[in-house]
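[1] can you look at this prediction? I've put the sequence above it.
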Amino acid sequence: MTVIVAGSIATDHLMHYPGRFTESLLPDQLHRVSLSFLVDDLVVRRGGVAANICFGMGLLGASPVLLGAVGADFADYRSWLDRHGVNCDHVHVCEDVQTARFVCTTDDEMNQIATFYAGAMARAREIEIEPVFSSPAWRAAGVALDLVVIGADDPDGMLRHTQECRQRGYPFAADPSQQLARMGSEVADLIRGATLLFTNDYELGLLKSKTGWTDDDIAQQVTTRVTTLGKHGVEIAERGKDAVRIPVVPEITKVDPTGVGDGFRAGFLAGRARGLGNIRAAQLGSLVATLVLETIGTQEYLLDWREAGARLLDAYGTAAVEEILSALRVTATVR
């Protein structure tokens, strides 16, 4: 299964505030907030939803194709992704701007306040998908395109990618995530005809508010809805079937929630790419999400399959771990 992942590619500046944001918010003054939080830590990491998803898929052996716009400062980042199994041949480099930046502060209760600078990401609207699919290397290898994941990016670029997929008949996954807050009723155009719809539970509510759709309406628009529920796991609703819930892989510690959703998507998509059904793919996604939660940075986690397999075993049982490791061609011994 060949997957193109389109979306943001960014550098993350992650800070920690030793307290609670809510203690500084005055309910009767929310119309004129003026706050500055003194943080006690700053780390700079690689990020962006498309790059995060591709990193995780590459780590799991799924060989994804990254599609997005970056600035003149991308060389080191490209090398990192190349080494971790990501195809960066079709990344659009803009020499006159910087790669996008995500600046985020997290408090002691895992609440976050963030700002995103688009930079080169605004050029994503210039990118076409068809040249990737019809490139000489793909044609020579006889590669078939199985899925285009359209993640949070320049809104015009997201709409263009979605329209192209519908026009050319490419199966696509809609993953609007952070851009739902910025977009209006046009978010419906991102969803119609999608093979997969990824959101968290809050984003699902926001999507319903902006489109006026119910769960039944969404089921008419997409084949499968995948909704992450934080500590309550993930809900998968396939058209014509009852929704199912998959619990999380319990965390050892909570360090930083940034990129947890991207980690889930990486595991889920890699699982499907290796032939797993939605439930097993969601269990793999839940494992990767937990590894991200336990790590500072969205691409800093490691996969030790002796440990990871044991955690899958504890969370989901013998049949699950055997099927997942077999699909990934992992031969590690699990207790």
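    Noted; the coordinates are in hand. Quick caveat, the model's predicted, so the values are computed rather than measured. Residues are numbered from 1 along each chain as shown.
[2] list the contacts of residue 251.
    290, 293, 294 (CB atoms under 8 Å, 6 or more residues apart in numbering). Quick note: C-beta positions are derived from backbone N, CA and C, even for glycine.
[3] next: residue 95.
    Contacts of residue 95 (CB under 8 Å, 6+ apart): 71, 72.
[4] max-length helix in the protein?
    helix 278-293 (DSSP state H).
[5] mind listing residues that contact the helix or strand that that helix is followed by?
    Moving toward the C-terminus from helix 278-293, the next helix or strand (DSSP states H and E) is helix 305-316. Contacts with helix 305-316, where a contact means CB under 8 Å, 6+ apart, come from 247-250, 283-284, 286-287, 290-291, 320-321, 324-325, 330, 332-335.
[6] now helix 305-316: buried residues?
    308, 309, 310, 311, 312, 313, 315, 316 (16 or more other CB atoms under 10 Å).
[7] again with stretch 96-112
    Buried residues in stretch 96-112 (16+ other CB under 10 Å): 97, 99, 100, 101, 102, 103, 104, 105, 106, 107, 112.
[8] over to stretch 25-36?
    Buried, per 16+ other CB under 10 Å, within stretch 25-36: nothing.
[9] which residues touch it?
    Contacts of stretch 25-36 (CB under 8 Å, 6+ apart): residue 24.
[10] first-to-last residue distance for that stretch?
    The first and final residues of stretch 25-36 sit 11 Å from each other (CA to CA, to the nearest Å).
[11] repeat that for stretch 246-259.
    Start-to-end span of stretch 246-259 (CA to CA) is 19 Å.
[12] next one: that stretch to chain centre, how far?
    15 Å (CA atoms, centre = their mean, to the nearest Å).
[13] A helix includes residue 56, no?
    Yes - the assignment for residue 56 is a helix, going by DSSP: H, G, I helix; E, B strand; the rest coil.
[14] just the pLDDT for it.
    We have a pLDDT of 97 for residue 56.
[15] can you pull the buried residues of stretch 124-144?
    124, 125, 127, 129, 132, 133, 138.
[16] assign the first one to helix, strand or coil.
    When classified by three-state DSSP, residue 124 comes out as helix.
[17] C-alpha coordinates for the helix or strand hosting residue 190, CSV please?
    Take DSSP H and E as the rule and residue 190 turns out to sit in helix 187-191. The C-alpha trace of helix 187-191 is given here as CSV (Å, rounded to 0.1, in the frame of the first residue of the first chain):
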residue,chain,number,x,y,z
VAL,A,187,-14.9,22.3,5.7
ALA,A,188,-17.7,20.1,4.1
ASP,A,189,-15.7,20.2,0.9
LEU,A,190,-12.7,18.6,2.7
ILE,A,191,-14.9,15.7,3.8
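[18] kind regards, and thank you for your time.
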